[in-house]
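Asker: Here's a sequence, model it:
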Amino acid sequence: MRVFYANMYDFFNHHRLNDDECLRDKDFDRDDPHRNEPYRPTWESLSKKSTEFLLHELEPRAVFNGHTHRGCKKRWTHPVEFWEYTVNSFSWRNGDRPSFLLATISDKDVLVNVCHLPNESTVLLLYFLAAAILAVWLLLKFVPFTKSLYVRARRTRFHSPTGDKLLKTG
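Answerer: Take a look at the predicted model:
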């Protein structure tokens with residue numbers, strides 16, 4: 001007889017008052033000041049009755065859900081023991097650390113890693129640096145006047161006013 005292992009995937013997180021019940025760690029925004037904002041049952045989370053029904057009927061090993069602006073990892077011990085993973089929305093509009101989950105599920109284990117996009121400020125800085133480097137390159141490549149200034153500056157740096165090459169000493 002084959003044993004059935006249930007993993008639940010749903011849109012709304014299971015019933016909880018707010019994210020204070022979540023494990024606070026580096027992966028799930030431990031310093032977020034909005035974690036204690038209350039959820040409205042049936043609007044931002046499942047109702048308590050729906051949550052109890054699903055957990056009693058399915059007895060999941062793990063639950064994966066979304067629909068929030070913050071990630072959460074919560075350990076449930078009643079009516080069954082499992083971890084609930086709530087992944088935050090994948091958008092910088094809702095915070096500086098969008099993420100997704102990478103899960104490996106086997107008959108024996110459910111292993112979950114949280115993968116983050118870089119902070120939005122880091123990406124914007126990289127875009128700015130790339131644009132500046134491209135602008136300088138285009139200026140040197142396609143504008144003859146700046147090219148002649150650059151070449152003239154290089155010549156004066158390596159030659160003396162009399163035209164003799166400067167020798168590097170000691």
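
Asker: hang on, isn't Arg70 packed against Asn88?
Answerer: Yes: counting by CB atoms under 8 Å, Asn88 is a contact partner of Arg70 at 5.1 Å. (C-beta placed from N, C-alpha, C; glycine too.)

Asker: Could you check which of the two is surrounded by more residues?
Answerer: Asn88 (23 against 20; other CB atoms under 10 Å).

Asker: ok, now how distant is that one from Ala130?
Answerer: According to CB to CB, to the nearest Å, Asn88 stands 28 Å off from Ala130.

Asker: From Tyr9, how far out is the spatially most central residue of the chain?
Answerer: Among the residues of the chain, the one closest to the centroid is His116, at 2.5 Å (CA atoms, centre = their mean). Distance, His116 to Tyr9, by CB to CB: 21 Å.

Asker: Please apply the same query to Ala132.
Answerer: For Ala132 relative to Tyr9 (CB to CB), the value is 44 Å.

Asker: just to revisit the earlier point, for the residue nearest to the centre of the chain, list each beta-bridge partner.
Answerer: Ser99 (DSSP bridges).

Asker: In this structure it contacts Asp96, no?
Answerer: No: assessed by CB under 8 Å, His116 is found out of contact with Asp96, at 9.8 Å.

Asker: Kindly list the longest helix within this protein.
Answerer: helix 120-142 (DSSP state H).

Asker: name the helices or strands packed onto that helix?
Answerer: helix 144-158 (3 or more CB pairs under 8 Å, 6 or more residues apart in numbering; DSSP states H and E).

Asker: Residues touching stretch 45-58, excluding its own?
Answerer: 6, 8, 10, 12-16, 39, 41-42, 76, 79-80 (CB atoms under 8 Å, 6 or more residues apart in numbering).

Asker: Of those residues, which is the most crowded?
Answerer: Ranked by neighbour count (other CB under 10 Å), the contacts of stretch 45-58 have Asn13 at the top, with 25 neighbours.

Asker: and that residue, what does it touch?
Answerer: 39, 44-46, 65-68, 72, 84, 86.

Asker: Just put these in JSON lines and tack on pLDDT, distance to Val143 and secondary structure.
Answerer: Output for these, formatted as JSON lines (pLDDT from 0 to 100; distance: CB to CB, whole Å; DSSP: H, G, I helix; E, B strand; the rest coil):
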{"residue": "Tyr39", "pLDDT": "82", "distance to Val143": "58", "secondary structure": "coil"}
{"residue": "Glu44", "pLDDT": "82", "distance to Val143": "56", "secondary structure": "coil"}
{"residue": "Ser45", "pLDDT": "85", "distance to Val143": "59", "secondary structure": "strand"}
{"residue": "Leu46", "pLDDT": "88", "distance to Val143": "62", "secondary structure": "coil"}
{"residue": "Asn65", "pLDDT": "89", "distance to Val143": "56", "secondary structure": "strand"}
{"residue": "Gly66", "pLDDT": "82", "distance to Val143": "50", "secondary structure": "strand"}
{"residue": "His67", "pLDDT": "75", "distance to Val143": "53", "secondary structure": "strand"}
{"residue": "Thr68", "pLDDT": "75", "distance to Val143": "51", "secondary structure": "strand"}
{"residue": "Cys72", "pLDDT": "84", "distance to Val143": "54", "secondary structure": "strand"}
{"residue": "Glu84", "pLDDT": "90", "distance to Val143": "59", "secondary structure": "strand"}
{"residue": "Thr86", "pLDDT": "86", "distance to Val143": "53", "secondary structure": "strand"}
